[in-house]
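1. below is the sequence, then the predicted model.
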Amino acid sequence: MAKRMLALNIGASQITMGEFTVRKPSGLELTSFATSDLGLEPGKDSDPSAYVVSTIRDILRQKNIRSGPVYVSISGKDIFPRYVKLPPVTSDKVESIVFYEAQQNVPFAIEEVVWDYQLFDNDEGGKSVMLVAVKQDVVKKLTDSVEAAGLSPVVVDVSPMALYNLARFNYGGQDGCTLIMDMGARSTNLIFMEQSRIFCRNIPLAGHTITLELMKEFDLNFKEAEELKIAHAFVAFGGVVEGSESPLVNRVAKTVRSVMTRLHAEVTRSINFYRSQQNGSKPSRLLLCGGSSLMPATDSFLKEKLGLEVQYLNPFQSVSVSNRISAAEVGSKMHLLGEVTGLALRWAYSCPMEINLMPHELAARKRLRSRMPFFVATAAAIFFSVACWWGYTWRLRCVEEANLSLVQSRVGAIEAKQRELDGVVASELAVQGKADQLLNLIQLRTRWLEMTGDVRTSLLDGMWVTSIEPVMASEGAPITHLVIKGMGFLDKVKDAEAVGKFAAALGSTRYFGERPKVDLVRSSVFALEFTITASLKEPLVF
């Protein structure tokens, strides 16, 4: 069974997916592909993550493509490429020099980006390095979206590098400098390919710029302007479409011509920069690709303005296509399949540019998964060691059990004697407990008699006690107060003052508090009734 791989190019306005296999003797082969619009206006700054997830899922479902590992390329507008010549240093210092150059050339803190590099031999016999960086949050959002759609990113490449690998594979034998021009939705990527040299530049002019100009020219919304561009866009010479008398078509052509003129100026400036600053040669040919490159007469316009041989990049010049895919289907989308084919080449062969901008967190998870077989082997070795140790301990246990049975018989006899002794001790404790209870009752009886005696001796002449009631917070709680009810003859005990004297006398005794409370004083025909609540200095505990 042929091994398969998935390649995914995530652009500003659409996603392209390709499924590839390697077959003998034909080599790399495209077996299935799909392109789909994201449904998101390229100029908007909203988070495209949800659109990316749903679009990938739709492609997998519609094309019946199984999920699996995937090589991903991201848009060239999000990267920061730098081509730097290294000073002559020994090989062990190259990495530190490259890190220093990365810190100097990347316009963000090095901790905020994911970066990688590729070394080249330059024309002067030394080393040059291609640095590529992307903001960590940008690439992490894309890889999180790819994982959420059910795919597992293996490599995160960038579209200019994927196109460079493809052009080197298909057109590597040509002399001179080749310029690859990838016209996307939001930007145009220029890739200069000359021998082992590579130079990239991103120009923020592309199909979306034309749409914005049409929106201004015709006062339309984005959707209407996009439909107008698709229907009538034409790179006309002089801004007038030959043979057309339609004012609408000529106005559209004039608008398109003005944007393309600006793009031509930027391309010319980039060529001059490459020649003057990078010591490169003037390009002798131009390879066109990208969704916006299909506007009619784009190739003719660039050929006339740049004076170069212009042709469309053919991804399948050295890569085969399955006979299950029609030639017409491939031909209609060939301008969009360059990136995914370049990604597939990295999977199938060794490529000159092998950049991987995998987010640090995802790379760590990948490393952990790759080490799982070693963990499993280690776990198996541990299990085997434990099994051997268990066998040894089992044998040792058999010997110990024989000795243990002898010890247990002796321990059993001792435990029987211990139980007899425990029974005697328990009986002694039970007797002691009963004795303590009896002694407590005797002490309480004595104390109760002494308290009632104090009550009796505190009575005034003519008084007598009718009842003494204990007061406790709850049943079984200690007695803290006594309620004393009594009477007195009116000729001897005339008023509440006499009752107060009785209460004061009671408070001076040894068992009662200093100030017993007089609750009730009531006179009848012959006697005075009273109620006193007296607190105990020490509660009675039963």
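-> Structure received.

2. pull up the gap between the residue nearest to Pro315 when sequence neighbours are not counted and Val155, please.
-> If you skip the residues right next to it in sequence, Pro315 has Thr341 as its closest partner in space, 4.0 Å away by CB to CB, 6 or more residues apart in numbering. To be clear about C-beta, it is placed using only N, CA and C from the backbone, and glycine gets the same treatment. Separation of Thr341 from Val155 (CB to CB, to the nearest Å): 14 Å.

3. more neighbours, these two?
-> Taking neighbours as other CB atoms under 10 Å, Thr341 and Val155 compare with Thr341 leading, 30 against 18.

4. tell me what the strand or helix carrying Gly433 is packed against?
-> Element membership for Gly433, per DSSP states H and E: helix 372-458. Helix 372-458 is packed against strand 463-472, helix 496-507, strand 527-540, with contacts defined by 3 or more CB pairs under 8 Å, 6 or more residues apart in numbering; DSSP states H and E.

5. as TSV, the ones you listed with distance to Asn279, mean pLDDT and mean neighbour count would be great.
-> Output for the helices and strands packed on helix 372-458, formatted as TSV (distance: least, CB to CB, whole Å; pLDDT from 0 to 100; neighbours: other CB atoms under 10 Å):
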stretch	distance to Asn279	mean pLDDT	mean neighbour count
strand 463-472	108	88	14
helix 496-507	117	85	17
strand 527-540	107	87	18
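
6. what about the helix or strand hosting Tyr51, average pLDDT?
-> Per DSSP H and E, Tyr51 falls inside helix 49-62. In this model, helix 49-62 has a mean pLDDT of 92.

7. low-confidence ranges, the stretch 251-400 of the chain, go.
-> Scanning the stretch 251-400 of the chain for pLDDT under 70 picks out the ranges 366-373, 375.

8. how about the strands in it?
-> Listed in chain order, the strands of the stretch 251-400 of the chain (DSSP state E, counting those that start in this stretch) span 283-289, 309-312, 320-321.

9. out of those strands, which gets nearest to Asp123?
-> The closest of the strands of the stretch 251-400 of the chain to Asp123 is strand 283-289. By CB to CB, the value is 16.9 Å.

10. the closest one pairs with which strands, and in what direction?
-> strand 177-183 (parallel), strand 309-312 (parallel) (DSSP bridges).

11. buried deepest among those, which one?
-> Burial of these is given as mean neighbour count (mean count of other CB atoms under 10 Å); strand 177-183 ranks first at a mean of 25.

12. pull the CA atoms of that strand into CSV?
-> What follows is strand 177-183, C-alpha atoms only, in CSV (Å, rounded to 0.1, in the frame of the first residue of the first chain):
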residue,chain,number,x,y,z
CYS,A,177,17.9,34.2,-12.3
THR,A,178,14.2,33.1,-12.2
LEU,A,179,11.6,35.3,-10.6
ILE,A,180,8.5,33.6,-9.1
MET,A,181,5.6,35.9,-8.7
ASP,A,182,2.8,34.6,-6.5
MET,A,183,-0.2,37.0,-6.8
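
13. what's in contact with that strand?
-> 76, 159-160, 163-164, 167, 171, 188-194, 206-207, 267, 271, 280-293, 298, 302, 308, 313, 338 (CB atoms under 8 Å, 6 or more residues apart in numbering).

14. tell me if I am right that Leu220 is in a helix.
-> No: Leu220 sits outside any helix when classified using DSSP: H, G, I helix; E, B strand; the rest coil, being coil.

15. that one: neighbour count?
-> Number of residues near Leu220 (other CB under 10 Å) recorded here: 15.

16. Lys24 too?
-> For Lys24, the count of nearby residues is 6 (other CB under 10 Å).

17. need phi/psi at it.
-> phi -100, psi 140 (degrees, to the nearest 10).

18. got the contact list for it?
-> Taking CB under 8 Å, 6+ apart, we find Lys24 in contact with no residue.

19. correct me, but Val113 touches Pro107?
-> No: using CB atoms under 8 Å, Val113 is not in contact with Pro107; the gap is 9.2 Å.

20. so how far does stretch 116-135 reach from one end to the other?
-> One end of stretch 116-135 sits 12 Å from the other (CA to CA, to the nearest Å).

21. how about stretch 104-112?
-> Taking CA to CA, the first and last residues of stretch 104-112 lie 14 Å apart.

22. buried stuff in that stretch?
-> Of all the residues in stretch 104-112, those buried under the rule 16 or more other CB atoms under 10 Å are 105-106.

23. coming back round to it: ok and the helix holding Gly433 relative to strand 463-472, angle-wise?
-> 180 degrees (axes from the mean of the first three to the mean of the last three CA atoms, to 10 degrees).

24. next one: helix 372-458 to chain centre, how far?
-> Once both centres are worked out by CA atoms, centre = their mean, to the nearest Å, helix 372-458 turns out to sit 53 Å from its chain's centre.

25. and stretch 126-135, by the same measure?
-> 29 Å.

26. with stretch 211-220 instead?
-> The answer for stretch 211-220 is 41 Å, by CA atoms, centre = their mean.

27. contacts for it?
-> In contact with stretch 211-220 (CB under 8 Å, 6+ apart) are residues 43, 221-222, 224-226, 228-229, 251-252, 255, 258-259.

28. now, among those residues, which is nearest to Ala236?
-> The closest of those, once distances to Ala236 are taken by CB to CB, is Val252, at 9.0 Å.

29. you'd agree the closest one is up against His232?
-> Yes: between Val252 and His232 there is a contact under CB under 8 Å: 4.4 Å.

30. neighbour-wise, which of those two wins?
-> Between Val252 and His232, Val252 has the larger neighbour count (other CB under 10 Å), namely 26 against 20.

31. for Gly173, helix, strand, or coil?
-> coil.

32. that one and Gln118, how far apart?
-> For Gly173 relative to Gln118 (CB to CB), the value is 21 Å.
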